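# what follows is a protein structure lacking sequence information:
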Ligand SMILES: *Cc1c(COP(=O)(O)O)cnc(C)c1O
């Protein structure tokens, strides 16, 4: 199942790239393995997958410690400051930097472990009360402040688009995120890259790619529906 799902997803990514005149290799498919057992991750690894996403600090740490060490891990969920220690030094990229307080904690933990933490600023683009992230209009100011933290390196932006019936309704969100990224890049801030734009999930990744996503985070489309009751 996982092998077929991966192939089908990669094919659709390829087609979205073609529609947008983009290069397939510019888009990274992150297999979101949250709630799924390590056996399923190992199966995806056997199919050639190397990049995985998790959204809960403790679950991530447990899986990381069990699995082979040459995988690339993306931390994509809201991170409480008391759990930063599980993530720093393990995740290759933290997509969900959503407050200055969290940045301060990541800085402290990274200094302690003598590592540089790569992060994306999470943007709550549609200003949803249920979501974490910076408002689009405060993003530039936050980038300026956090860029001065010696153990944090900003690599771009991330968003979780609203849940919509018709994915076309999210096109404006993805376009807006791309524009925001271009605007921040234009400021040429030291120690800041806007190379990564993490947006698009199982329901809307093709539209996200058409609008400039470099990283799509796909769970259900690869591993199947999640069961939260167990
Ligand atoms: C769960 C999750 C995903 C993947 O969602 P699917 O709809 O299953 O593809 C992507 N991004 C974040 C932040 C998530 O929490």
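Noted; the coordinates are in hand. Keep in mind it's a predicted model, so treat the numbers as computed, not measured.

# the protein: strands as residue ranges?
Ranges of strands within the chain are 28-32, 51-54, 72-75, 93-97, 117-122, 152-158, 192-198, 215-218, based on DSSP state E.

# near the ligand, which residues of this structure?
Contact residues, the chain versus the ligand (CB under 6 Å from any ligand atom): 32, 34, 55, 76-77, 160, 201-203, 217-221. Where C-beta positions appear, they are placed from N, C-alpha and C, glycine not excepted.

# how far does stretch 201-211 sit from the chain's center?
Chain-centre distance of stretch 201-211: 13 Å, with CA atoms, centre = their mean, to the nearest Å.

# now do stretch 111-121
In terms of CA atoms, centre = their mean, the centre of stretch 111-121 is found 16 Å from the chain centre.

# related to what we said a few turns ago, got a markdown table for the strands of the chain, with mean neighbour count too?
A markdown table is the format used below for those (neighbours: other CB atoms under 10 Å):
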| stretch | mean neighbour count |
| --- | --- |
| strand 28-32 | 23 |
| strand 51-54 | 23 |
| strand 72-75 | 22 |
| strand 93-97 | 26 |
| strand 117-122 | 24 |
| strand 152-158 | 23 |
| strand 192-198 | 19 |
| strand 215-218 | 24 |
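
# Serialize these to TSV and add fields for mean pLDDT.
Compiled in TSV, those are given as follows (pLDDT from 0 to 100):
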stretch	mean pLDDT
strand 28-32	98
strand 51-54	98
strand 72-75	98
strand 93-97	98
strand 117-122	98
strand 152-158	98
strand 192-198	98
strand 215-218	98
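
# longest helix of this structure?
Longest helix of the chain, by residue count under DSSP state H: helix 2-20.

# how many degrees apart are that one and strand 28-32 in direction?
Helix 2-20 and strand 28-32 meet at an angle of 140 degrees, taking axes from the mean of the first three to the mean of the last three CA atoms, to 10 degrees as the criterion.

# phi, psi for residue 200 please.
phi 110, psi 130 (degrees, to the nearest 10).

# nearest residue to it other than its sequence neighbours?
Distances taken as CB to CB, 6 or more residues apart in numbering place residue 208 nearest to residue 200, at 2.8 Å, with adjacent residues excluded.

# what's the spacing between that neighbour and the ligand?
11 Å (CB to the nearest ligand atom, to the nearest Å).

# number of residues surrounding that residue?
Counted with other CB atoms under 10 Å, the neighbours of residue 208 add up to 30.

# what's the answer for residue 106, then?
As a burial measure, residue 106 scores 23 neighbours (other CB under 10 Å).

# test my guess that it contacts residue 117.
Yes - using CB atoms under 8 Å, residue 106 makes contact with residue 117 at a distance of 5.3 Å.

# which residues do those two both contact?
Counting by CB atoms under 8 Å, 6 or more residues apart in numbering, the residues touching both residue 106 and residue 117 are 88, 94, 151, 152.

# closest to residue 102 out of those residues?
Top of the list for closeness to residue 102, among the shared contacts of residue 106 and residue 117 and by CB to CB, is residue 94 at 9.0 Å.

# dig out what the closest one forms beta bridges with.
Following DSSP bridges, residue 94 is listed with bridge partners residue 75, residue 119.

# nothing else from me, thank you.
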